[in-house]
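Undergrad: What follows is a protein structure lacking sequence information:
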């Protein structure tokens, strides 16, 4: 479960620490962390470290905790200093907030608490197409991957990543139509993809594990989580310990279908709000799945230079309107066509819960039990 900490505290002093730490979390003495290259606790960590991370460090008189401003990697704790990446291991928990740095004494007193805001980390500069494109490409090029594969959907996000990282491609789907599209995209970019075809039986077997991993029965979250869970499990069974995902591209570059109905300043506000809430809406879920399966999730589009660059792109270059046609992720597609065939760069795809048929299978399972999807999931 990545991290579970149960300290023994007596008279305001720590006597013993029981810790379970699993990959991809790391340990350095009594400091536990994920995502950090230098795990030294510091109050300015959330504002100075340009990446997704958490840190928990036990000092002689206090415990220090910190989390990145997007809130990608969850940490829960209580005044007894039980700490975990999962709510279920912490009674009467509080959540470490995105961008929060806190120091708590062993008597449970909060000694220091600061929160770094999203706007304190990301500086929006004047837009210059060439500069933004160069910064994005440079950021993608410097990502270093290990024993990894790419979760490949056949769309622009994962196809562009496949152009940069020479690693195998995998996919999961219950849709024959999507399977053909994924295989076609892979062929057009000159490679192959290994596809796991799942069905109603697979979801019936795994849905309880997915809910247990993400700690919510929200139907949208569960329907998105299932193919992500299956992708990571598939990758693990193939012998990988890292999976590269295109997470963040929809929020940063205007990929959601709902953006088509918003224009101007309202579109810009909607996109910025979605980026600010990436942790809460998506990354916490995905991180919990990765921790549950002991896999590392790699998200190149969430490099902080890419986030900062994308924030400067005008909304009409993210959701482009040309001759009655709406092109979502226009800027990213234009960049991508220099590295992958234009047909693949401009290929439209549905949201993962629909393209894979996950949502429709959940509906079918719920109907068979005589319940709605929310009732079915809550009754697991």
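TA: Structure received. Given the structure is predicted, the values throughout are model-derived calculations rather than measurements.
Undergrad: helix/strand/coil for the most centrally placed residue in the chain?
TA: By Cα atoms, centre = their mean, the chain has its centre lying nearest to residue 283, at 3.2 Å. Assigned state for residue 283: helix (three-state reduction, DSSP: H, G, I helix; E, B strand; the rest coil).
Undergrad: ok, the closest residue to it other than its chain neighbours - contacts?
TA: Spatial nearest neighbour of residue 283, chain neighbours left out: residue 72 (3.9 Å); criterion: Cβ to Cβ, 6 or more residues apart in numbering. For every residue, glycine as well, the C-beta is placed using N, CA and C. The contact partners of residue 72, by Cβ atoms under 8 Å, 6 or more residues apart in numbering, come to 35, 52, 53, 278, 279, 283, 284, 287, 302.
Undergrad: Tell me which of these fall in helices.
TA: Within the contacts of residue 72, residues falling in helices by DSSP state H are 278, 284, 287.
Undergrad: Identify the residues contacting residue 248.
TA: By Cβ under 8 Å, 6+ apart, the neighbours of residue 248 are 275, 278, 299, 301, 302, 306, 307.
Undergrad: Any figure for the gap between residue 191 and residue 54?
TA: Distance, residue 191 to residue 54, by Cβ to Cβ, to the nearest Å: 34 Å.
Undergrad: higher neighbour count, these two?
TA: More neighbours surround residue 54 than the other of residue 191 and residue 54, with 24 against 16 (other Cβ atoms under 10 Å).
Undergrad: pLDDT score assigned to that one?
TA: Note on residue 54: pLDDT of 97.
Undergrad: That one reaches residue 35, doesn't it?
TA: Yes - Residue 54 lies in contact with residue 35 (Cβ atoms under 8 Å); the separation is 7.0 Å.
Undergrad: so what sits against both of these two?
TA: Here residue 54 and residue 35 have 68, 73 as joint contacts, going by Cβ under 8 Å, 6+ apart.
Undergrad: In JSON lines: the contacts of residue 248, plus distance to residue 258 and neighbour count.
TA: Listed next are these as JSON lines, based on distance: Cβ to Cβ, whole Å; neighbours: other Cβ atoms under 10 Å:
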{"residue": "275", "distance to residue 258": "15", "neighbour count": "18"}
{"residue": "278", "distance to residue 258": "16", "neighbour count": "24"}
{"residue": "299", "distance to residue 258": "22", "neighbour count": "23"}
{"residue": "301", "distance to residue 258": "19", "neighbour count": "24"}
{"residue": "302", "distance to residue 258": "21", "neighbour count": "24"}
{"residue": "306", "distance to residue 258": "22", "neighbour count": "23"}
{"residue": "307", "distance to residue 258": "20", "neighbour count": "22"}
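Undergrad: Just put those in TSV and tack on pLDDT and distance to residue 219.
TA: Output for the contacts of residue 248, formatted as TSV (pLDDT from 0 to 100; distance: Cβ to Cβ, whole Å):
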residue	pLDDT	distance to residue 219
275	96	24
278	96	20
299	97	24
301	98	26
302	97	25
306	97	31
307	97	29
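Undergrad: So which of those residues are in strands?
TA: Taking DSSP state E, every one of those sits outside strands.
Undergrad: Can you redo these as TSV, where the extra columns are distance to residue 351?
TA: Output for those, formatted as TSV (distance: Cβ to Cβ, whole Å):
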residue	distance to residue 351
275	18
278	16
299	18
301	17
302	19
306	22
307	21
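Undergrad: Show me which of those residues is closest to residue 318.
TA: Distance to residue 318 across those (Cβ to Cβ) is lowest for residue 275, with 11.4 Å.
Undergrad: What separation do you get for the residue nearest to the closest one when sequence neighbours are not counted and residue 283?
TA: Spatial nearest neighbour of residue 275, excluding adjacent residues (Cβ to Cβ, 6+ apart): residue 251 at 4.9 Å. In this view, residue 251 and residue 283 are 10 Å apart by Cβ to Cβ.
Undergrad: and what of residue 329?
TA: 19 Å.
Undergrad: quick one: contacts for residue 118?
TA: Residue 118 makes contacts with 69, 70, 98, 99, 275, 276, as judged by Cβ under 8 Å, 6+ apart.
Undergrad: what do you get if the cut-off is 7 Å, keeping everything else the same?
TA: Applying Cβ atoms under 7 Å, 6 or more residues apart in numbering, we find residue 118 in contact with 69, 276.
Undergrad: Count the residues that sit near residue 84.
TA: So residue 84, with other Cβ under 10 Å, has 23 neighbours.
Undergrad: Check the one 5 residues further on too.
TA: The tally of other residues near residue 89 (other Cβ under 10 Å) stands at 17.
Undergrad: start the count at 740, not 1, going forward
TA: Shifting the count to begin at 740 puts that one at residue 828.
Undergrad: next one: phi and psi at it?
TA: phi -100, psi 0 (degrees, to the nearest 10).
Undergrad: Domains in the protein, by residue range?
TA: 742-859, 861-1117 (automatic domain parsing).
Undergrad: Lowest mean pLDDT across those domains, which one is that?
TA: Mean pLDDT values for those show the minimum at domain 742-859, a mean of 92.
Undergrad: end-to-end on it?
TA: 29 Å (Cα to Cα, to the nearest Å).
Undergrad: next one: stretch 899-913
TA: End-to-end distance for stretch 899-913: 24 Å, by Cα to Cα.
Undergrad: May I see the buried residues of that stretch?
TA: By 16 or more other Cβ atoms under 10 Å, the buried positions in stretch 899-913 come out as 899-904, 906-913.
Undergrad: Restricted to strands, list those residues.
TA: The subset of those located in strands under the criterion DSSP E comprises 908, 909, 910, 911, 912.
Undergrad: thought the third one was touching residue 919?
TA: The reference is to residue 910. No - applying Cβ atoms under 7 Å as the test, residue 910 and residue 919 come out as separate, 11.5 Å apart.
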